[in-house]
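Q: please work out how this folds:
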Amino acid sequence: MMTLELFIALAAGIIASIVGGAIGGMLVGGKDIGYDLASMIGGFFGPVAGIAGVTIGLVIVAFI
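A: Here you go, the predicted model:
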């Protein structure tokens, strides 16, 4: 993969993890702490695992 393709895939993975974390936060804690706060917390903590997973996946794909 070219460098530009890797950066585009990493950016797409980061955006998807932020959106997924926000949706997951709203589903898990929306009623308890409020949907706005739950989505902010989910959007903040979603990329913690998402960026690591996307980076490891891109490194594996780059070596194949």
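
Q: tell me how far the longest helix seen in the chain is from the chain's mean position?
A: The helix that spans the most residues within the chain, counting by DSSP state H, is helix 3-33. Counting by C-alpha atoms, centre = their mean, to the nearest Å, helix 3-33 is centred 3 Å from the centre of its parent chain.

Q: which stretches of the chain aren't confidently modelled?
A: Within the chain, the ranges that satisfy pLDDT under 70 run 1.

Q: for the most centrally placed residue in it, give me its contacts.
A: Nearest residue to the geometric centre of the chain (C-alpha atoms, centre = their mean): Ser17, 1.5 Å. By C-beta atoms under 8 Å, 6 or more residues apart in numbering, the residues touching Ser17 are Gly46, Pro47, Ala49, Gly50, Ile51, Gly53, Val54. Any C-beta I mention is one placed from the backbone N, CA and C, and that applies to glycine too.

Q: and Glu5, by the same measure?
A: By C-beta under 8 Å, 6+ apart, Glu5 lies in contact with nothing.

Q: repeat that with 10 Å
A: By C-beta atoms under 10 Å, 6 or more residues apart in numbering, the contact list for Glu5 reads Leu58, Val61, Ala62.

Q: mind listing what's buried in stretch 34-54?
A: Using 16 or more other C-beta atoms under 10 Å as the test for burial, stretch 34-54 gives Ala38, Ser39, Met40, Ile41, Gly42, Gly43, Phe45, Gly46, Pro47, Gly50, Val54.

Q: can you name every helix or strand that the helix or strand that contains Val59 contacts?
A: Assessed by DSSP states H and E, Val59 sits inside helix 35-63. Applying 3 or more C-beta pairs under 10 Å, 6 or more residues apart in numbering; DSSP states H and E, one finds that helix 35-63 makes contact with helix 3-33.

Q: neighbours of Ile8, just the number please.
A: For Ile8, the tally of surrounding residues (other C-beta atoms under 10 Å) stands at 12.
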